[in-house]
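Visitor: Output the structure for:
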Amino acid sequence: MAKGTIAVKEKAITPKYKWEILKKAPKKYEKDFGKVIGQLLFNRNIKSAEVADFLNPDYVKIHDPFLLKDMEKAVKRIRQAIVKAEKIVVYGDYDVDGITSTAILVDYLKSEGARVEHYLPHREDEGYGLNSEAIKQLVKEGAGLLITVDCGISNAHEVELANSRGLNVIIVDHHTIPKEIPKALVIIHPLQKDDEYPYKDMAAVGLVFKLVQALSGNDERIKWYLDLVALGTIADVAPLSGENRILTKYGLIVLGKTKRVGLEALAEAASTNLKKIDSRTVAFQLAPRLNAAGRLEHADLSLKLLQTEDEGMARKLAGELEMINQERRKAQDNILRMATDQVEAEFKNDFSFVLADESWRAGVVGIAAGRLAEEYNRPTILLGEKGGEAKGSGRSIGGFDLIGALEVHREMFLKFGGHKQAVGLSISVEEIKNFRISLNEYAKTKLRGIDLTPKLMIEAELGAEDLNLETWREVRTLGPFGAGNPEPIFVTTDVEVSGKQVMGSDGRHLKFGLKGFGNNIEAVSFGANEVWLKEIESGQKLDIAYHLKINQFNGRTSLQLRLLDLKSAAEQ
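Guide: Prediction:
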């Protein structure tokens with residue numbers, strides 16, 4: 001440094017999240033399973049005796065479907081309908097869980113010679129679950145047995161209407177059971193009283209698979225439905241633990257060699273290689289496209305894609321879904337921007353957010369609500385107003401039971417349903433303000449004293465000796481990752497930035513090397529924030545939080561650290 005010059009201290013980069021490193025595992029875990037895997041197993045509370053089953057999920061260990069309460073009764077009634085050629089209607093939901101559930105059950109019943117049709121409601125015109133007008137129409141068209149999948153448990157009034165008109169109802173659902181339980185002929189739901197089924201966290205598509213397993217006598221051919229089971233389970237953010245983990249693991253294998261031309265066309269439209277499919281690809285590439293139709297048009301489009309056997313039709317439908325999904329993303333981004341502006345202007349200090357606008361599409365607000373809940377770590381409900389009614393969705397945060405909060409305020413709603421982390425609802429526009437105030441007071445009592453700073457749960461610290469392809473391979477053995485088994489987040493401290501590059505046509509992507517860590521490791525952020533793009537420079541020292549990934553290019557495989565957050569190294 002020249003005499004008389006003054007060193008300019010680099011501007012400190014602050015993290016977006018509060019970093020919480022999980023408790024270090026006992027030495028026994030490291031001794032038995034290795035440093036990294038031992039820590040990850042400990043973090044997931046996997047006991048030593050459970051490790052083999054966790055790392056090697058086995059299809060033969062799925063549970064007997066007849067352990068579900070009244071499964072035998074359901075099978076008997078369905079078989080009776082098939083023999084008597086009664087008209088069966090499978091009534092599904094318009095999301096991926098509902099669509100895949102409908103596709104599986106309709107296909108299986110047709111293969112057994114049943115007279116079966118499906119009914120998926122229109123999200124904006126009819127809303128979630130059963131509705132009276134649909135029931136009346138189905139009875140008029142001669143339906144004798146109605147099987148609801150991914151809905152029905154919140155529809156006591158509508159089931160009573162069906163009963164009064166001679167329409168038998170079998171409910172297959174996994175949403176929170178309300179105080180008033182429908183008086184259906186059969187309810188297949190692992191959380192109902194006296195149900196002895198060992199695993200309680202299945203998505204609806206998993207329960208439908210159990211129904212088909214029972215109906216078929218566990219025929220080997222039903223394994224070809226597992227691609228749809230994996231799709232619905234991952235898309236519905238069901239915990240990837242227990243039986244869900246088994247079904248999803250094998251479902252991803254089946255998805256990699258699916259016989260469904262519709263899924264092949266969907267993957268092609270999404271530039272996704274089904275041979276390399278994983279849970280993240282399903283969640284962020286396939287599921288949003290299947291969901292798009294139900295959000296902006298009608299879910300029948302996605303169901304047709306799953307059902308078609310015509311390659312030309314499959315490509316046509318996949319192309320339509322791609323265009324709808326692009327429209328969905330634009331609408332979602334606009335809603336998120338407007339909702340964020342509302343929060344910053346009026347509600348930043350609230351303990352919950354209830355936001356509404358006439359321009360918002362009810363089918364798109366759920367995704368934006370999830371983003372807002374994650375960004376501010378607050379329970380969030382977004383509503384699209386139409387006439388005097390507002391319909392929308394809510395997403396929660398850890399430790400806050402959102403469906404329980406709605407139950408407390410049930411008199412305010414025209415309709416609602418869901419579970420602890422996600423809800424759907426409709427409410428009179430004139431009631432929104434009262435609900436906003438009341439929910440905020442309720443959330444305040446539940447969340448008071450809790451640090452609501454958005455958190456990043458870091459599983460382990462990795463040093464230079466740990467950053468290699470062998471560690472990545474070890475971490476992969478814990479997959480499939482998702483709810484209940486999150487993809488591990490690691491931290492490495494005091495790394496020196498080498499060769500910073502800003503990439504992409506819009507200049508929003510960031511890449512840099514780690515000096516002293518070898519030439520085959522790079523840190524990458526897609527859609528990096530402005531501070532990182534402007535302030536990070538070669539030679540700077542950082543602490544980084546990331547997912548372990550690989551990059552395959554020109555026949556070479558290298559380790560990639562997918563950045564989630566970073567900050568100036570502690571010494572700076």
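Visitor: Quick one: the helices in the stretch 301-450 of the chain, in order.
Guide: Using DSSP state H, counting those that start in this stretch, the helices found in the stretch 301-450 of the chain span residues 311-342, 365-376, 402-408, 432-447.
Visitor: need the contact list for I170.
Guide: Contacts here follow CB atoms under 8 Å, 6 or more residues apart in numbering; on that basis I170 touches 74, 77-78, 145-148, 184-188. Placement of C-beta: from N, CA and C, glycine included.
Visitor: And those residues, which is closest to K28?
Guide: Ranking the contacts of I170 by separation from K28, with CB to CB as the measure, puts I188 on top at 41.3 Å.
Visitor: For the closest one, which residues are in contact?
Guide: Taking CB under 8 Å, 6+ apart as the definition of contact, the neighbours of I188 are 68-71, 74, 170-173, 207, 210-211.
Visitor: Could you tell me how far V261 is located from M503?
Guide: Distance, V261 to M503, using CB to CB, to the nearest Å: 35 Å.
Visitor: which parts of the helix or strand where A230 lies are buried?
Guide: Here A230, judged by DSSP states H and E, is contained in helix 226-235. Judged by neighbour count (16 or more other CB atoms under 10 Å), helix 226-235 contains these buried residues: 226-235.
Visitor: again with stretch 323-341
Guide: Judged by neighbour count using 16+ other CB under 10 Å, the buried positions of stretch 323-341 are 324-325, 327-328, 331-332, 334-336, 338-340.
Visitor: distance between stretch 30-45 and the chain's centre?
Guide: Stretch 30-45 sits 26 Å away from the centroid of its parent chain (CA atoms, centre = their mean, to the nearest Å).
Visitor: pLDDT averaged over that stretch, what's the number?
Guide: Averaging the model's pLDDT scores along stretch 30-45 yields 95.
Visitor: List the contacts of it.
Guide: The contact list for stretch 30-45, computed with CB under 8 Å, 6+ apart, reads 22-26, 29, 48, 51, 54, 459-460, 462, 466, 471, 474-475, 477-478, 485, 488.
Visitor: which of those residues count as buried?
Guide: Applying a neighbour-count criterion of 16+ other CB under 10 Å, the buried members of the contacts of stretch 30-45 are 25, 29, 51, 54, 459-460, 462, 466, 471, 474-475, 478, 485, 488.
Visitor: a markdown table please, covering the buried residues of stretch 323-341 and showing distance to I437 and pLDDT.
Guide: Rendered in a markdown table, the data for these read as follows (distance: CB to CB, whole Å; pLDDT from 0 to 100):
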| residue | distance to I437 | pLDDT |
| --- | --- | --- |
| I324 | 36 | 97 |
| N325 | 36 | 96 |
| E327 | 34 | 96 |
| R328 | 31 | 94 |
| A331 | 28 | 95 |
| Q332 | 27 | 94 |
| N334 | 27 | 96 |
| I335 | 22 | 97 |
| L336 | 24 | 96 |
| M338 | 21 | 97 |
| A339 | 18 | 97 |
| T340 | 21 | 97 |
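Visitor: R436: which of those residues is nearest?
Guide: Using CB to CB, the shortest approach to R436 within these belongs to A339, at 13.2 Å.
Visitor: Chain neighbours aside, what residue packs nearest to that closest one?
Guide: Excluding the flanking residues, the one nearest A339 by CB to CB, 6 or more residues apart in numbering is L355, at 5.1 Å.
Visitor: my guess is V205 contacts D227, does it?
Guide: No - with the criterion set as CB atoms under 8 Å, V205 and D227 do not qualify as a contacting pair; they are 10.7 Å apart.
Visitor: Which residue ranges of the stretch 1-150 of the chain form helices?
Guide: Going by DSSP H, counting those that start in this stretch, the stretch 1-150 of the chain shows helices at 27-33, 35-43, 51-55, 71-83, 96-111, 123-126, 132-140.
Visitor: got CSV for those, with distance to P178 too?
Guide: As requested, the helices of the stretch 1-150 of the chain are exported to CSV (distance: least, CB to CB, whole Å):
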stretch, distance to P178
helix 27-33, 42
helix 35-43, 34
helix 51-55, 34
helix 71-83, 21
helix 96-111, 18
helix 123-126, 19
helix 132-140, 18
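Visitor: Tell me which of these sits most buried.
Guide: When neighbours are counted by mean count of other CB atoms under 10 Å, the highest per-stretch mean among the helices of the stretch 1-150 of the chain falls to helix 96-111, a mean of 26.
Visitor: Show me what that one is packed against.
Guide: Packing partners of helix 96-111 (3 or more CB pairs under 8 Å, 6 or more residues apart in numbering; DSSP states H and E): strand 87-91, strand 115-119, strand 143-149, helix 204-216, helix 226-235, helix 287-296, helix 300-307.
Visitor: next structured bit after the fifth one?
Guide: Next helix or strand after helix 226-235 toward the C-terminus (DSSP H and E): helix 242-255.
Visitor: Can you tell me what sits against that following helix?
Guide: Counting contacts by CB under 8 Å, 6+ apart, the residues outside helix 242-255 that touch it are 54, 57-59, 61-63, 198-199, 201-203, 206, 209, 223-224, 226-231, 233-234, 238, 240, 263, 274, 277-279, 282, 480, 482, 484-485.
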